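> Okay, here's the prediction I keep looking at, along with the sequence it came from:
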Amino acid sequence: MTDTPAALLRAEDLAHIGKASQPQREIVNRRDIRKYAIATNQRQQRYINGDVAPPLFHVALFWPVVELDELTPDGVAIDRFVPTFPLTRAMAGGLHIEYHQPIKPGDELLAVRTLTNVYEKAGRSGALIFYEVVLAVTAASGVPVVTETTTRILR
């Protein structure tokens, strides 16, 4: 007879699947695009001039601005959107980004995060919890701009 490990995820953890954040609104400006382009060593003039945002600009645009005591020891903002799971050591599991429209100065963008999946697996070193969050960035008109799916692994 084989022992089956007890499930780590509780019904209340799984109940968060489908939960969406409140929309976060940001207005893009040329100076922020230029600062991001310089900081990330972009070479294309359209980025350096701030005419269009380089890839991954949306990450910095919607990254939370928090006090120092709201950071984890590794300098990442505490994510209050996802529930507290039984496992806490996080690793990157995957990232998929679709760009639908370029981001330009003057764009009014809305971002909504949705917890789309939570599941567990057995790893070599023990149980693992996976969760997926979709960040949907749209123009104020509702037109999709960026869709980002992030998978995190907890051990």
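All right, it came through fine. Residues are numbered from 1 along each chain as shown.

> buried residues in the longest helix along the chain?
Using DSSP state H, we find that the single longest helix of the chain is helix 30-39. If you call a residue buried by 16 or more other C-beta atoms under 10 Å, then helix 30-39 has these buried ones: 32-34, 36-37. Bear in mind the C-beta positions are built from the backbone N, C-alpha and C, glycine included.

> Also stretch 9-20?
9, 13.

> average pLDDT across that stretch?
Mean pLDDT, computed over stretch 9-20, is 96.

> what sits up against that stretch?
Residues outside stretch 9-20 that contact it (C-beta atoms under 8 Å, 6 or more residues apart in numbering) are 82-83, 85-86, 112-120, 129.

> and the top strand by length along the chain, what other elements does it pack with?
Taking DSSP state E as the criterion, the chain has its longest strand at strand 108-123. Secondary-structure packing of strand 108-123 (3 or more C-beta pairs under 8 Å, 6 or more residues apart in numbering; DSSP states H and E): strand 24-27, helix 57-62, strand 126-139.

> what does the shortest one rub up against?
The reference is to strand 24-27. Identification of contacts with strand 24-27 by C-beta under 8 Å, 6+ apart yields 61-62, 106-112.

> angle of the longest strand of the chain against strand 126-139?
170 degrees (axes from the mean of the first three to the mean of the last three C-alpha atoms, to 10 degrees).

> what would the contacts of stretch 9-20 look like in a markdown table with pLDDT, distance to N49 and neighbour count?
As requested, those are arranged in a markdown table below (pLDDT from 0 to 100; distance: C-beta to C-beta, whole Å; neighbours: other C-beta atoms under 10 Å):
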| residue | pLDDT | distance to N49 | neighbour count |
| --- | --- | --- | --- |
| V82 | 94 | 38 | 17 |
| P83 | 94 | 43 | 15 |
| F85 | 94 | 44 | 18 |
| P86 | 93 | 49 | 13 |
| V112 | 98 | 30 | 14 |
| R113 | 98 | 31 | 21 |
| T114 | 98 | 34 | 16 |
| L115 | 98 | 38 | 18 |
| T116 | 98 | 36 | 16 |
| N117 | 98 | 40 | 14 |
| V118 | 97 | 43 | 19 |
| Y119 | 97 | 45 | 12 |
| E120 | 96 | 48 | 19 |
| I129 | 97 | 44 | 20 |
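
> Nothing else from me, thank you.
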